[in-house]
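1. When you get a sec, could you give me coordinates for this:
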Amino acid sequence: MATVLTTPFVQPSGCTLAVELTTITTSALGTPTTITVLASNAAAPGFPSCQPSGWNTGAKYDDLFTFSPAVCPQDWTYFEMSSTKHYSAAYCCASGFGFSGEWYALPTSALTPVCARTFSAGETTITAPLVSRTDATGTFTEGVIVHRAWHVTWAESDTATMSPSLPPLTSGKYLARWEPGQAVPDGWYDRHNGDNSGIRGWSSLLYFTEIGVPLIGVAILACGAWLCIRRRRKHRARQAAGNIGLRPK
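-> I've put the predicted structure just below:
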């Protein structure tokens with residue numbers, strides 16, 4: 001059973017980064033590129049004591065960091081906030097991180113779906129254990145820091161006891177990103193009976209694109225064909241008039 005977190009989780013004082021340093025190679029436009037990655041490490045000493053109760057409930061890694069009813073940790077951002085007729089759900093990422101879902105060949109599958117943040121040279125310096133050697137450390141100065149995204153769900157009836165106040169999510173509403181306190185005007189981000197855009201007014205644009213544009217194209221083609229036929233008829237009329245020494249009226 002998922003752990004209940006109706007108020008934002010705050011990490012206990014004294015917690016340090018539980019991470020490991022590694023590199024991965026990806027291909028950009030056919031060119032191999034090596035990326036330095038600082039990844040959250042659940043096997044690091046002290047990691048469990050810095051997490052909420054129930055963070056690893058369940059037999060599969062899909063169950064890690066799954067809470068219900070729950071809100072995201074303090075100062076974290078909500079991603080892919082959506083709703084159905086029965087419940088609402090969102091992914092949570094630490095402040096400054098973006099939700100990336102499936103992402104590269106990370107050190108462990110337990111990190112997927114992932115939250116990631118890119119750092120350029122000079123922005124930070126972090127010393128962390130190396131994945132390849134547990135008895136050695138390395139220094140992270142640029143690359144990507146990643147952690148496992150939290151998955152939170154709740155029913156409409158739960159919101160009265162949850163803090164912060166979450167935006168009302170009518171069935172089908174979708175917010176790609178939301179931060180506590182951000183206003184969501186009525187009607188915005190509705191998906192209009194299954195349209196998955198999550199953008200207000202997209203339904204009308206979608207209908208125009210799928211129906212209106214093809215009809216306009218057909219009309220243009222029909223008009224062009226009619227003009228072509230008309231020119232041919234006039235040309236034939238001139239030829240016939242020339243053959244008998246007359247000019248067409």
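2. Tell me where this structure has strands.
-> 3-5, 19-28, 31-40, 66-70, 77-83, 88-93, 98-101, 114-119, 126-129, 137-140, 143-148, 150-154, 174-178 (DSSP state E).
3. I'd like the ones you listed as JSON lines, with mean pLDDT and distance to Gln11 appended.
-> Every C-beta, even on glycine, is put in place using the N, C-alpha and C of the backbone. What follows is the strands of the chain, written out as JSON lines (pLDDT from 0 to 100; distance: least, C-beta to C-beta, whole Å):
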{"stretch": "strand 3-5", "mean pLDDT": "93", "distance to Gln11": "13"}
{"stretch": "strand 19-28", "mean pLDDT": "84", "distance to Gln11": "14"}
{"stretch": "strand 31-40", "mean pLDDT": "89", "distance to Gln11": "12"}
{"stretch": "strand 66-70", "mean pLDDT": "94", "distance to Gln11": "15"}
{"stretch": "strand 77-83", "mean pLDDT": "93", "distance to Gln11": "16"}
{"stretch": "strand 88-93", "mean pLDDT": "95", "distance to Gln11": "13"}
{"stretch": "strand 98-101", "mean pLDDT": "86", "distance to Gln11": "20"}
{"stretch": "strand 114-119", "mean pLDDT": "92", "distance to Gln11": "15"}
{"stretch": "strand 126-129", "mean pLDDT": "89", "distance to Gln11": "17"}
{"stretch": "strand 137-140", "mean pLDDT": "92", "distance to Gln11": "20"}
{"stretch": "strand 143-148", "mean pLDDT": "92", "distance to Gln11": "12"}
{"stretch": "strand 150-154", "mean pLDDT": "94", "distance to Gln11": "13"}
{"stretch": "strand 174-178", "mean pLDDT": "91", "distance to Gln11": "22"}
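4. Pipe these into a markdown table and attach distance to Val184 and mean neighbour count per row.
-> Converted to a markdown table, those look like this (distance: least, C-beta to C-beta, whole Å; neighbours: other C-beta atoms under 10 Å):
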| stretch | distance to Val184 | mean neighbour count |
| --- | --- | --- |
| strand 3-5 | 22 | 18 |
| strand 19-28 | 34 | 16 |
| strand 31-40 | 30 | 16 |
| strand 66-70 | 19 | 21 |
| strand 77-83 | 9 | 21 |
| strand 88-93 | 13 | 23 |
| strand 98-101 | 18 | 16 |
| strand 114-119 | 22 | 20 |
| strand 126-129 | 36 | 16 |
| strand 137-140 | 37 | 15 |
| strand 143-148 | 26 | 22 |
| strand 150-154 | 16 | 22 |
| strand 174-178 | 7 | 16 |
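5. Can you lay out those strands as CSV showing distance to Gly54?
-> Below are those laid out as CSV (distance: least, C-beta to C-beta, whole Å):
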stretch, distance to Gly54
strand 3-5, 3
strand 19-28, 22
strand 31-40, 17
strand 66-70, 7
strand 77-83, 20
strand 88-93, 15
strand 98-101, 22
strand 114-119, 19
strand 126-129, 26
strand 137-140, 30
strand 143-148, 14
strand 150-154, 12
strand 174-178, 24
